[in-house]
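Asks: Sequence below, structure please.
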Amino acid sequence: MIQRLNINYDCNGLTYSVSVPTEDENLPYNLAEAFAHIIKQSDTNENIVIQSLIEEFGYNEKQKGGEQ
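Replies: Model prediction:
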């Protein structure tokens, strides 16, 4: 498991450092919040990012409702 996660990037002449706590049960939420922030700042097409993640992890609508 990752012990420490730091993400550094430049945006509009400023350097950002995002540190994600990894050693508690909130890791999925911490990661989602960090990546959402980065996606918004990057001005990327969030639909493409979401679709790529869905394809990567094999998510489908049945799983969303708790059905398998």
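
Asks: show me what contacts Ser17?
Replies: 6-8 (C-beta atoms under 8 Å, 6 or more residues apart in numbering). No exception for glycine: its C-beta is placed from N, CA and C like everyone else's.

Asks: Where does it sit: helix, strand or coil?
Replies: Of the three states, Ser17 takes strand according to DSSP: H, G, I helix; E, B strand; the rest coil.

Asks: rewinding a little: from the contacts of Ser17, which land in strands?
Replies: 6-8 (DSSP state E).

Asks: how about stretch 27-40: buried residues?
Replies: 30, 34, 38 (16 or more other C-beta atoms under 10 Å).

Asks: Go ahead and report the secondary structure state at the second one.
Replies: Look at Ala34: counting by three-state DSSP, its state is helix.

Asks: before we move on, what about the last one?
Replies: Following three-state DSSP, Ile38 is assigned to helix.

Asks: so what's it up against?
Replies: Contacts for Ile38 (C-beta under 8 Å, 6+ apart) come out as 7, 9, 18.

Asks: Could you pull up the residues touching the first one?
Replies: When contacts are counted by C-beta under 8 Å, 6+ apart, Ile7 touches 17-20, 34, 38.

Asks: Please identify which of those is nearest to Ile48.
Replies: Nearest to Ile48 among the contacts of Ile7, counting by C-beta to C-beta, is Ile38 at 14.3 Å.

Asks: how far away is the closest one from Gly58?
Replies: Distance from Ile38 to Gly58, counting by C-beta to C-beta, to the nearest Å: 23 Å.

Asks: same check, this time on Ile48
Replies: Separation of Ile48 from Gly58 (C-beta to C-beta) stands at 18 Å.

Asks: Mind putting the contacts of Ser17 into JSON lines with distance to Asn26 and pLDDT?
Replies: Output for those, formatted as JSON lines (distance: C-beta to C-beta, whole Å; pLDDT from 0 to 100):
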{"residue": "Asn6", "distance to Asn26": "17", "pLDDT": "96"}
{"residue": "Ile7", "distance to Asn26": "17", "pLDDT": "95"}
{"residue": "Asn8", "distance to Asn26": "22", "pLDDT": "96"}
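
Asks: just those residues now: which is nearest Asp43?
Replies: For the contacts of Ser17, the nearest to Asp43 is Ile7 (16.7 Å; C-beta to C-beta).
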